[in-house]
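Asker: Below are the sequence and a predicted model for it; my questions follow.
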Amino acid sequence: MSTTGALPHRALIPLVVPPVTLEGHGVRLEPLRPEHAGALASLCEDTVFEFTVQVLRTQADLERYITVALEAEARGTEQPFLIRNQETGEPLGTTRYMTISRHDRTLEIGNTWLARAAWRTRANTGCKFLLLRHAFETLQVMRVQLKTDQRNARSRAAIERIGAKFEGILRHHMLVRDGVVRDTAYYSILDTEWPGVKAGLEERLGRG
């Protein structure tokens, strides 16, 4: 952006992210709840969590995972979803809005994991489209952030295919399981970029 032009302005209205169900393009996103733990546990394989902060293996793991997510939901900083196959109702994984900033009208899409059976399908693209459309067109956010382990080539390629802009690497960003030091790749989409990103996603989903 030129430094000589006027700075952009946005309405100073606090962001509110109420529970919602989103559906289309082969997936259904519904509010994550404790009763989903058993079905999600059946999807857990170590390969699914190769680059995630934590590994989920058992129903007890999923129960704790959901409890933490719902505590964040109660604080207003996250909105977690269960991902289902739109046609069969079969659970496929989870995703969420997170790092929600009421004042700045920004949020992150993250903590997404899908069962291996959903890999190389349009499930992830469908989820991202629904979440981005709701964020920009209903919630009127200014910026959506996405991030992943810099080593996770599959995740980075998927984020880039969506149309997100690479912002850089946050070095030694966090300690993950077993004390591994993780560098994190950051991406974002701005409200001004959304129309072009939306058109690209609709084209991809239409071909799919």
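Answerer: Yep, that arrived. Residues are numbered from 1 along each chain as shown.
Asker: Would you mind putting the CA coordinates of the top helix by length along the chain into CSV?
Answerer: Across the chain, the longest stretch assigned as helix under DSSP state H is helix 59-75. C-alpha atoms of helix 59-75 as CSV (Å, rounded to 0.1, in the frame of the first residue of the first chain):
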residue,chain,number,x,y,z
GLN,A,59,-11.6,-41.0,23.6
ALA,A,60,-10.1,-39.5,26.8
ASP,A,61,-7.8,-37.4,24.7
LEU,A,62,-10.7,-36.1,22.6
GLU,A,63,-12.8,-35.4,25.7
ARG,A,64,-9.9,-33.2,27.1
TYR,A,65,-9.4,-31.6,23.7
ILE,A,66,-13.1,-30.7,23.5
THR,A,67,-13.3,-29.4,27.1
VAL,A,68,-10.4,-27.0,26.4
ALA,A,69,-12.0,-25.9,23.2
LEU,A,70,-15.3,-25.2,24.9
GLU,A,71,-13.6,-23.3,27.7
ALA,A,72,-12.1,-21.0,25.0
GLU,A,73,-15.5,-20.7,23.4
ALA,A,74,-16.9,-19.5,26.7
ARG,A,75,-14.2,-16.9,26.9
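Asker: Tell me, how many residues neighbour the residue nearest to Gly110 when sequence neighbours are not counted?
Answerer: Closest residue to Gly110 apart from its sequence neighbours, by C-beta to C-beta, 6 or more residues apart in numbering: Met98 at 5.2 Å. For every residue, glycine as well, the C-beta is placed using N, CA and C. Neighbourhood size, Met98 [other C-beta atoms under 10 Å]: 18.
Asker: And Ile169, by the same measure?
Answerer: The burial count for Ile169: 12, using other C-beta under 10 Å.
Asker: Which secondary structure element is home to it?
Answerer: Per DSSP states H and E: Ile169 is located in strand 165-176.
Asker: Please name the strands paired to that strand in the sheet, noting orientation.
Answerer: The strands beside strand 165-176 in its sheet (DSSP bridges) come out as strand 180-190 (antiparallel).
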